[in-house]
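Novice: sequence-free structure coming up:
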């Protein structure tokens, strides 16, 4: 025990000051959502749409439609694209209020932030997490939020074992049939005002496994979702950024399917 204490003292503070200016977010070099350059796209080419496993990329009337809410970040589209229209990026902060903001649209599209949480939430937030049929990828990232590097508690954000003490219901997974009723029960047990955040592509749209005889396509039509965060899985920094956006302590970076900066 004494050796670990000395080791900790020698290493110093391990917690990042991110999202403070200039601090590291721990995601340097990590690939995020693919970027699309319409000018580089070849007319009639459907190579990227053909390899997309979730239908996130589709061609409609000779134009490409891209839904980041269905993207599992597999990078197959960037590998298949012959013209460089689809390229890898480090864009991972994809938390949005409006599901439509995950659909690539006109660059000028801007949507107003809806009525957010009560001002009392901005000081602290208590979250009840429900795994509604996840592969455990999102859960691994959620666990990292409480490690010494991210230390989510420093931001006044806490996980609670009971929905009766929760402000926000954080849901991962495709919503399997056996988890439908427990998920509804957790939501109903929460006091008003209550909010819902869909974390991971499975919760947003069903991902790869959604829409079959044993599960639904995420939270669509199940619960009223306030914040959407796609990714397979979204990394800890992306989850933190979405939570801070929910608390009105960080801006929404994605609008009309395009990320700022």
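Specialist: Looks like it came in fine. Note that the structure is predicted; figures quoted are calculated from it, not measured. Numbers count the residues shown, from 1 in each chain.

Novice: who's in contact with the spatially most central residue of the chain?
Specialist: Nearest residue to the geometric centre of the chain (C-alpha atoms, centre = their mean): residue 229, 2.3 Å. With contact set as C-beta atoms under 8 Å, 6 or more residues apart in numbering, residue 229 has these partners: 94, 95, 96, 197, 198, 199, 200, 204, 238, 239, 242. C-beta here means a position set from N, CA and C on the backbone, and glycine is covered the same way.

Novice: check whether the third one really touches residue 228, as I assumed.
Specialist: Yes: at 5.3 Å, residue 96 counts as touching residue 228 under the criterion of C-beta atoms under 8 Å.

Novice: need the overlap of contacts for the two.
Specialist: Common neighbours of residue 96 and residue 228 (C-beta under 8 Å, 6+ apart) are residue 102.

Novice: neighbour count winner among those two?
Specialist: Comparing residue 96 with residue 228 by other C-beta atoms under 10 Å, the one with more neighbours is residue 228, at 29 against 25.

Novice: avg pLDDT for the host helix or strand of that one?
Specialist: For residue 228, the enclosing helix or strand under DSSP states H and E is strand 227-229. Strand 227-229 shows a mean pLDDT of 97.

Novice: re the thing from before, what bridges to the residue nearest to the centre of the chain?
Specialist: With DSSP bridges as the criterion, residue 229 is bridged to residue 199.

Novice: residue ranges with poor pLDDT in the chain?
Specialist: Applying pLDDT under 70 to the chain flags residues 1-2, 4-12, 62, 106-123, 261.

Novice: for it, what spans make up the helices?
Specialist: For the chain, the helices defined by DSSP state H occupy 2-11, 47-51, 76-80, 137-144, 177-189, 201-205, 236-246.

Novice: can I get these in CSV with mean neighbour count and distance to residue 59?
Specialist: As requested, the helices of the chain are exported to CSV (neighbours: other C-beta atoms under 10 Å; distance: least, C-beta to C-beta, whole Å):
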stretch, mean neighbour count, distance to residue 59
helix 2-11, 8, 52
helix 47-51, 18, 5
helix 76-80, 18, 12
helix 137-144, 18, 29
helix 177-189, 15, 33
helix 201-205, 31, 19
helix 236-246, 24, 28
